[in-house]
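J.: Predicted model follows, preceded by the sequence.
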Amino acid sequence: MRRTLAMLLVLAACSAAPAAASPAAKAPTIRLSAPTISAYGARAVLEGRLTPPARNARVRISLGGRVFTHARVGPRGGFHVTVRVRARGPYRAGFFKAVSKPVFLRIRPRLDATLVGDRMVGAPLALYAQLRPARAGTIRVDVLRSGRRTYSGSYQRHLRLKLGTSRFGDVRVRLRVVPRRGFAPAPAQVLEAKLVPPQLRYGATGPAVTELVRRLAALHYAVYDGSATTFGDAVLDSVLAFQKVQGFERDGVVGPRFWRALERPRVPRPRSASGDHIEVDKSHQVIYVVRGGEIATIIPTSTAGISGYYTPEGFFSIFRKVPGFDPSPLGTLYLPMYFTGGYAIHGNPSVPAYPASHGCVRVPMWMAGRLYSTIGYGTTVYVYS
């Protein structure tokens, strides 16, 4: 009895004793990491780990304090999520009360740049560029023409820059980004445009006409106004003279073939290389003013083309000059210079691309005065086919 009572007292004492304290549960921790550098707009992988692991748990991912996606925890506590890089951060991962330290991405900004417009002389051409993100830095622009820098400038966020197209040649635009703190350098860009000549015809205007006249004059073709900007009658005369010598169709249109020929033209040679004289090339319907055995000026002409009439060939000389207008049975001649009989070199309002006279040698009215004032009596005139 006493033994039983003692055992009951021991059991009661044991049951009344406080239970041994169990070790406290470890609070979860979470960390997050990001790539060192990411390009703007590209995909980047954020990786992290939850300790202790909680398989299939959902970890929240936030940007600037706002949750924008979640990630699943793997069996060992790892997780990852792919994001489209639009901002540097701060990015955080969270699991209940556990929050990771903030991480930041070093963004390589994206510079979108393009040239808009026709690559033709005189046509509008502009540079468009935009920096993303807009606050990533400063856009630096250098414009080079024929290897020489003609413009430099700095822009914020975006730019629209008109590029001059008044001259032939290559346009090269160099762009680079001067990054702000926290942003990585962006690759420099180079945009190039070769300004090609447009197709020109009667009535065209612009700097391409001036360039056309300049090139014709450099090849010794007679031009009325070396700074002309309008394709008028005088420019047409010069164009037709070039087409005649090159053997092109005499249509007065300056197209790609014409421009190429200006770069590598057929260069005529005088039939006679002695002294100063005039040659009338009936086959090409042009006049060569020869100085010192070299062609100094090439002038369009129109010789006999009416049935029953002809332009005599051979060696002649200027024996008579009439100032102003000289009436004749076949029409009025302007500043005629007679070289045999009634045949003269004279100005005429109509100098077509084909033979059309009664036998005289027609030249444009604007050129007649120049010839008259520079060609003296006794000058040899050599006419041939």
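T.: Everything's here; your move.

J.: my guess is Ile278 contacts Val289, does it?
T.: Yes - applying Cβ atoms under 8 Å as the test, Ile278 and Val289 come out as touching, 6.0 Å apart. In this view, the C-beta of every residue, glycine as well, is placed from N, C-alpha and C.

J.: Of those two, which one has the most company?
T.: Higher neighbour count among Ile278 and Val289: Ile278, with 25 against 21, using other Cβ atoms under 10 Å.

J.: Can you give me every residue that contacts the spatially closest residue to that one that is not a sequence neighbour?
T.: Computed as Cβ to Cβ, 6 or more residues apart in numbering, the closest residue to Ile278 that is not its neighbour in sequence is Val381, at 4.8 Å. The contact partners of Val381, taken as Cβ atoms under 8 Å, 6 or more residues apart in numbering, are 277-280, 315-318, 339, 345.

J.: Pull up the overlap in contacts between Ile278 and Val289.
T.: Contact with both Ile278 and Val289 is made by residues Ile375, according to Cβ under 8 Å, 6+ apart.

J.: if we look at the sheet, which residues does the nearest residue to Gly378 once chain neighbours are set aside bridge to?
T.: Here the nearest residue to Gly378 in space, its sequence neighbours aside, is Ser317; by Cβ to Cβ, 6+ apart that works out to 5.4 Å. Taking DSSP bridges, one finds Thr380 as the beta-bridge partners of Ser317.

J.: Over to Val177?
T.: With beta bridges defined as DSSP bridges, Val177 has these partners: Ile139.

J.: How much space separates Leu240 from Tyr354?
T.: In this view, Leu240 and Tyr354 are 10 Å apart by Cβ to Cβ, to the nearest Å.

J.: In a strand, Trp259, correct?
T.: No - with DSSP: H, G, I helix; E, B strand; the rest coil as the criterion, Trp259 is assigned helix and is not in a strand.

J.: Quick check, pLDDT for the nearest residue to Ala129 once chain neighbours are set aside.
T.: Once its chain neighbours are removed from consideration, Ala129 has its nearest residue in Ala113; the separation is 4.0 Å (Cβ to Cβ, 6+ apart). At Ala113 the predicted local confidence, pLDDT, stands at 97.

J.: More neighbours: Leu240 and Tyr354, which one.
T.: Remark: of Leu240 and Tyr354, Leu240 carries more neighbours, 24 against 11, as counted by other Cβ under 10 Å.
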